[in-house]
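1. Just the structure for this:
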Amino acid sequence: LRAFEIAIAEQPQHLQPWTLMCAYNKVNGYYTSEHPFLLKQVLRREWNYSGLTMTDWGAVHERWRGIAQGMDLEMPGSHGAHDAMTLERILSGENDNNNNDPSSSLSKAALDECVLRVLTLILWGTELQATPSPTPQYKQVVLQRNHET
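-> Next up, the predicted model:
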């Protein structure tokens, strides 16, 4: 995790990556896209990461668990396959707390946090597109300096 810690925790927030992608595999019994310790404790709390997290392509197992832990975006999307279960979990307040599993509850607040991070990424991207492109002269100077070093 050290390379990720350098890129995230040791950078000012404005220099942190906008997005991170989880792996397919399990770590200590949890898929990384649903991992309470890695996503909530390490990434969000200890490293103070506020950007968007997404699954690797097709790496969703139980979408509602991912949302509960701060996994913001399912890639490439499931065409609604996980929506009904996720909505049911939120509206009913139904959780699997009988085994004291920290990844077993989903709240409206957790969903709100995911939505906020998705919308924030959209706004950042929109602002970036509105930024004027470098002029040809600027590009030439950058290329020239790059060749000199």
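2. these two touch, right, residue 107 and residue 70?
-> No: in this structure, residue 107 is not within contact of residue 70 by CB atoms under 8 Å, at 11.9 Å. Every C-beta, even on glycine, is put in place using the N, C-alpha and C of the backbone.
3. beta partners for the residue most central in space within the chain?
-> Residue closest to the average C-alpha location in the chain (CA atoms, centre = their mean): residue 53, at 0.9 Å. Per DSSP bridges, the residues bridged to residue 53 are residue 20.
4. got the contact list for it?
-> 19-22, 39, 43, 70-73, 117 (CB atoms under 8 Å, 6 or more residues apart in numbering).
5. Take these and lay them out in TSV including distance to residue 64 and secondary structure.
-> Output for the contacts of residue 53, formatted as TSV (distance: CB to CB, whole Å; DSSP: H, G, I helix; E, B strand; the rest coil):
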residue	distance to residue 64	secondary structure
19	21	strand
20	20	strand
21	19	strand
22	16	coil
39	14	helix
43	19	helix
70	13	coil
71	10	coil
72	13	coil
73	14	strand
117	17	helix
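6. Just the closest of these to residue 125, please.
-> Nearest to residue 125 among the contacts of residue 53 is residue 19, at 10.4 Å by CB to CB.
7. which residues touch that closest one?
-> Contacts of residue 19 (CB under 8 Å, 6+ apart): 51-54, 121.
8. can we see that at 10 Å?
-> The contact partners of residue 19, taken as CB atoms under 10 Å, 6 or more residues apart in numbering, are 51-54, 72-73, 117, 121.
9. coming back round to it: of residue 107 and residue 70, which one has the most company?
-> residue 70 (22 against 14; other CB atoms under 10 Å).
10. Residue 35 is in contact with residue 26, isn't it?
-> Yes: in this structure, residue 35 is within contact of residue 26 by CB atoms under 10 Å, at 8.4 Å.
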